[in-house]
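Q: could you work out the structure for the sequence below:
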Amino acid sequence: MDEETQLDISKTMVEIKPLQAFDDKTFQHLTSGYTSNARYVVSTQCAPERFDISLKLAQLDAPYIKHFASDPEELAHYRQFLAQSFSWGAYDQGKLVGLALAEPRWWNRSLWIWEFHVAPEYQRQGIGRRMMDYCALHALQAGLRVLVCETQNTNAPAIAFYQHVGFEFGGIDLSLYTNHDIEDGEVAIFMKRKLE
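A: Numbering: from 1, shown residues only. Okay, here's the model as predicted:
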């Protein structure tokens, strides 16, 4: 992106408001994947008296590129969240350039943010922070106690962003994706932002 384009984007008035709808093409553009130059290496040690899990950030020799493909069933499930009024969109003159699709879980007062994305050309403009702050404010007003995001150990930029906006490491699932997540090199990391 050239300097002139960056200046034009930074001057736009991106509005954060409740997400009412999204089309498949826009969703796919926003959630297409990520590139990371680092990953958290996950290792475990198990003994009868102790179980240790370690995550250590390591730079990669070549970028890790992950592509996501959405399916109609997943999109239908996400559209059900819209009626619950906890999902937000970032709009530039009516164009959806960022989204936070979230679902409250009342039994433990948590807000699970299942999809959180800003279009690449709009990143590093403070839009993600503003959307996350909207999520936090409205969750707290509704009586929820924590925001939860799931990402992968291979997505170091997402983990860094979550830490930057107040999240802490909240857990790990060694077999969320397959029965061989550690061996395959992609493990689920849960980040949490406490609201109270």
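
Q: what are the pairing partners of the strand ranked longest in the chain, and which direction each?
A: Using DSSP state E to define each element, the chain has its longest strand at strand 50-67. Partner strands for strand 50-67, per DSSP bridges, with pairing direction: strand 33-47 (antiparallel).

Q: please, where are all the strands along this structure?
A: 14-18, 33-47, 50-67, 88-92, 95-105, 110-118, 146-152, 168-173, 188-194.

Q: can you tell me what sits against the fifth one?
A: Applying CB atoms under 8 Å, 6 or more residues apart in numbering, the set of residues contacting strand 95-105 from outside is 14, 19, 22, 26-27, 30, 78, 81, 84, 86-91, 110-119, 121-122, 127-128, 131-132, 134-135, 139, 142, 144. Backbone N, C-alpha and C define where each C-beta goes, glycine included.

Q: same thing but 7 Å
A: Outside of strand 95-105, the residues that reach it under the criterion CB atoms under 7 Å, 6 or more residues apart in numbering are 14, 19, 22, 26, 30, 78, 81, 84, 86-91, 111-119, 122, 127-128, 131, 135, 142, 144.

Q: any of the residues you listed buried? List them.
A: Using 16 or more other CB atoms under 10 Å as the burial test, these include 14, 19, 22, 26, 30, 78, 81, 86-91, 111-119, 122, 127-128, 131, 135, 144 as buried.

Q: got the buried residues for the top helix by length along the chain?
A: In the chain, assigned by DSSP state H, the helix with the most residues is helix 127-141. Buried positions in helix 127-141, judged by neighbour count with 16+ other CB under 10 Å: Ile127, Gly128, Arg130, Met131, Met132, Tyr134, Cys135, Ala136, His138, Ala139.

Q: list just the nearest of those to Ile53.
A: Closest to Ile53 out of the buried residues of helix 127-141 is Met132 (26.3 Å), distances taken as CB to CB.

Q: before we move on, the earlier item: buried sites along the longest strand of the chain?
A: Quick answer for strand 50-67 (16+ other CB under 10 Å): Tyr64.

Q: how far off centre is that strand?
A: Relative to its chain's centre, strand 50-67 lies at 17 Å (CA atoms, centre = their mean, to the nearest Å).

Q: residue contacts, Tyr78?
A: Tyr78 touches Leu101, Trp114, Glu115, counting by CB under 7 Å, 6+ apart.

Q: how many neighbours does the closest residue to the second one other than its chain neighbours have?
A: Leaving out its chain neighbours, the residue that sits closest to Trp114 by CB to CB, 6 or more residues apart in numbering is Leu101, at 5.2 Å. The number of residues packed around Leu101, counting by other CB atoms under 10 Å, is 23.

Q: so what's Leu101 bridging to?
A: Beta-bridge partners of Leu101, as defined by DSSP bridges: Glu115.

Q: against Ala76, how distant is it?
A: 12 Å (CB to CB, to the nearest Å).

Q: before we move on, back to that, JSON lines for the strands of the chain, including mean pLDDT and distance to Tyr162?
A: Output for these, formatted as JSON lines (pLDDT from 0 to 100; distance: least, CB to CB, whole Å):
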{"stretch": "strand 14-18", "mean pLDDT": "95", "distance to Tyr162": "18"}
{"stretch": "strand 33-47", "mean pLDDT": "95", "distance to Tyr162": "13"}
{"stretch": "strand 50-67", "mean pLDDT": "96", "distance to Tyr162": "14"}
{"stretch": "strand 88-92", "mean pLDDT": "96", "distance to Tyr162": "16"}
{"stretch": "strand 95-105", "mean pLDDT": "97", "distance to Tyr162": "12"}
{"stretch": "strand 110-118", "mean pLDDT": "97", "distance to Tyr162": "9"}
{"stretch": "strand 146-152", "mean pLDDT": "98", "distance to Tyr162": "6"}
{"stretch": "strand 168-173", "mean pLDDT": "97", "distance to Tyr162": "9"}
{"stretch": "strand 188-194", "mean pLDDT": "98", "distance to Tyr162": "4"}
